[in-house]
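1. quick one, what's the 3D model for this:
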Amino acid sequence: MTGPVDMAGGGVPESPYSDATLSEAEMDALVATIQSTTQTSSREISADGRLRDVVKYDLVNARGAGEGRLPTLDIVHERFSGLVSELLGRLTAVKVNVRPETAVILKFAECGAALPNPYVMQVLELGGLRGAALLGIAPGLLFHLIDVLLGGAANKVVDASAILSQRGLTGVEKRLFAHIVRLLGTELAHAWDGVAAVSIRPVRAESEPKHAAIFEPSEMVVHAAFHVEMPGCQGDFRIIIPQSALRPVEKKLSSGLVESGADNVEDWEGVIADVLTEVPVQCTAELGHTQMSLGDLLRLQVGSVIRLDRDPESEITVFVEGAPKFTGAISVHVGNFAVTIGQQLSPREQGDGKSAAEGSPRGGPASDAPSDHRTDTDSNPTGTPRASGDRSRPTSPKEVRS
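-> Numbering: from 1, shown residues only. Purely as a prediction, here's the structure:
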């Protein structure tokens with residue numbers, strides 16, 4: 001213990017360790033102590049009196065505070081999961097649920113160490129961004145999809161890991177795997193719409209992750225995993241993209257906003273027009289109509305003549321899906337009866353269901369207006385009398401169209 005220090009004389013108190021130096025052995029012991037405690041966790045007492053672990057901060061491998069958080073990428077992956085659920089549902093004819101996990105940024109060595117073995121990998125050429133990428137899929141899920149594509153049972157379970165360990169992937173399985181990847185690439189392009197024009201092209205398939213190590217161990221990559229659940233099978237697939245490939249769209253990925261493209265009306269008009277041109281519609285040409293009693297209808301035979309309310313030279317009405325759209329004229333084309341389209345009916349005539357050739361109201365090809373035209377029948381060997389216009393007996397009027 002040191003004695004009192006005279007502060008009046010302006011002296012500085014002397015440290016008891018001012019002349020102390022550490023020996024080489026002491027330095028080694030200090031370094032060993034630091035190294036041995038880097039993996040331990042410290043605890044402190046929280047406000048409720050309980051012990052809680054203190055989170056360690058790695059000064060060597062720590063990244064920037066904002067780096068690694070890509071909210072827009074999570075939105076893209078949510079969108080991609082929904083599209084893949086619909087895609088796999090169409091392929092397997094069962095309900096499929098695809099659930100995304102939050103994308104993380106880590107070293108490729110760490111990413112590769114977390115992959116199971118065997119795990120089927122597809123090396124991809126990345127379009128729209130820069131460089132290459134990887135898509136991995138669990139063997140059980142891949143073999144299940146291949147079995148379904150080849151017509152197998154959707155609930156069949158196979159030991160895919162054992163098969164891959166014994167023989168790897170066959171040529172047919174590699175081609176089918178590439179086909180599945182192309183289908184996923186189409187949905188991925190739709191999911192990235194509004195962020196970047198992304199596309200993928202399969203290059204080669206590997207049944208062991210180490211053979212698909214196309215990045216340096218220290219290179220930072222974005223790892224996105226998707227868990228798939230369906231009747232009879234569950235598994236996951238992963239997409240690994242180098243962080244450098246996302247540099248051109250890094251600001252968009254960090255903003256948390258995705259352009260919807262709703263203002264681009266011309267693109268939607270073209271898509272809708274292309275779809276509508278393939279929709280089949282039913283067209284009906286009404287040559288005329290009349291009414292007859294139920295008794296007259298029952299007396300009709302082969303060769304009977306039904307008189308309509310129009311002459312052969314008058315215009316007829318052409319209906320599209322039951323709605324009047326055009327006027328027309330009876331004609332002949334290549335030896336067949338045909339209708340020559342005339343004028344398009346006005347919006348008022350179309351809305352009211354009125355024909356341009358006549359002003360009688362109707363809600364389609366049928367007419368409820370009364371008519372005095374009756375049915376004439378030719379004589380026949382059986383002596384059946386002609387249909388007459390006798391109204392003395394109760395009849396039920398029925399409409400006949402041609």
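2. low-confidence ranges in the stretch 51-200 of the chain?
-> 51-69, 153-158 (pLDDT under 70).
3. what segments of it are strands?
-> Assigned by DSSP state E, counting those that start in this stretch, the stretch 51-200 of the chain shows strands spanning 51-54, 97-100, 104-107, 120-127, 132-137, 199-206.
4. residue 237: which of those strands is closest?
-> Nearest of the strands of the stretch 51-200 of the chain to residue 237, taken as CB to CB: strand 132-137 at 4.1 Å. Where you see a C-beta, it was placed from the backbone N, CA and C, and this is true even at glycine.
5. could you check the angle the closest one makes with strand 120-127?
-> For strand 132-137 against strand 120-127, the angle by axes from the mean of the first three to the mean of the last three CA atoms, to 10 degrees is 150 degrees.
6. and strand 132-137 with strand 199-206, angle?
-> 60 degrees.
7. partner strands of strand 132-137 and their direction?
-> In the sheet, strand 132-137 lines up against strand 120-127 (antiparallel), strand 233-242 (antiparallel) (DSSP bridges).
8. which residues does that strand contact?
-> With contact meaning CB atoms under 8 Å, 6 or more residues apart in numbering, strand 132-137 is reached by 115, 119-126, 177, 180-181, 184, 200, 203, 209, 212, 214, 235-242, 245.
9. next: stretch 180-196.
-> Contacts of stretch 180-196 (CB under 8 Å, 6+ apart): 72, 76-77, 79-80, 83-84, 87, 91, 122, 124, 128-129, 135, 137, 142, 145-146, 149, 197-202, 237, 239, 248-249, 252-253, 258-261.
10. for stretch 279-297, buried residues please.
-> Neighbour-count burial for stretch 279-297, with 16 or more other CB atoms under 10 Å as criterion, is recorded at 285, 286, 287, 288, 289, 290, 291, 292, 293, 296, 297.
11. I'd say the fifth one and residue 309 touch.
-> Yes: using CB atoms under 8 Å, residue 289 makes contact with residue 309 at a distance of 6.1 Å.
12. a helix runs through residue 269, doesn't it?
-> Yes: counting by DSSP: H, G, I helix; E, B strand; the rest coil, residue 269 falls inside a helix.
13. so how many other residues sit close to it?
-> As a burial measure, residue 269 scores 10 neighbours (other CB atoms under 10 Å).
14. then residue 202?
-> 20.
15. out of the strands of the stretch 51-200 of the chain, deepest packed?
-> Among these, strand 132-137 has the highest mean neighbour count (mean count of other CB atoms under 10 Å), at a mean of 23.
16. count the neighbours of residue 303 for me.
-> Here the number of neighbours of residue 303 (other CB under 10 Å) works out to 9.
17. returning to what we had before: a markdown table for the strands of the stretch 51-200 of the chain, including distance to residue 170?
-> Shown next, in a markdown table, are the strands of the stretch 51-200 of the chain (distance: least, CB to CB, whole Å):
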| stretch | distance to residue 170 |
| --- | --- |
| strand 51-54 | 50 |
| strand 97-100 | 27 |
| strand 104-107 | 33 |
| strand 120-127 | 12 |
| strand 132-137 | 16 |
| strand 199-206 | 11 |
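18. ok, which of those strands comes nearest residue 269?
-> strand 199-206 (24.4 Å).
19. partner strands of that closest one, with direction?
-> Paired strands of strand 199-206, with direction, are strand 120-127 (antiparallel) (DSSP bridges).
20. which residues touch the strand it pairs with?
-> In contact with strand 120-127 (CB under 8 Å, 6+ apart) are residues 132-139, 142, 164, 169, 177-178, 181, 185, 197-209, 211-212, 214, 241, 245.
21. I figured residue 330 hits residue 316, correct?
-> Yes: shown here, residue 330 and residue 316 form a contact pair, counting by CB under 8 Å, at 6.6 Å.
22. give the residues shared as contacts by those two.
-> With CB under 8 Å, 6+ apart as the test, residue 330 and residue 316 both reach 287, 339.
23. looking at these two, which is more packed in?
-> Using other CB under 10 Å as the criterion, residue 330 and residue 316 rank with residue 316 on top: 22 against 16.
24. the more buried one is in contact with residue 326, isn't it?
-> No: with contacts counted by CB under 8 Å, residue 316 stays clear of residue 326, the gap being 9.5 Å.
25. what residues are shared contacts of the two?
-> By CB under 8 Å, 6+ apart, no residue touches both residue 316 and residue 326.
26. contacts for stretch 330-341 next, please.
-> Taking CB under 8 Å, 6+ apart as the rule, stretch 330-341 contacts 285, 287, 312, 316, 318, 326, 327, 328, 329.
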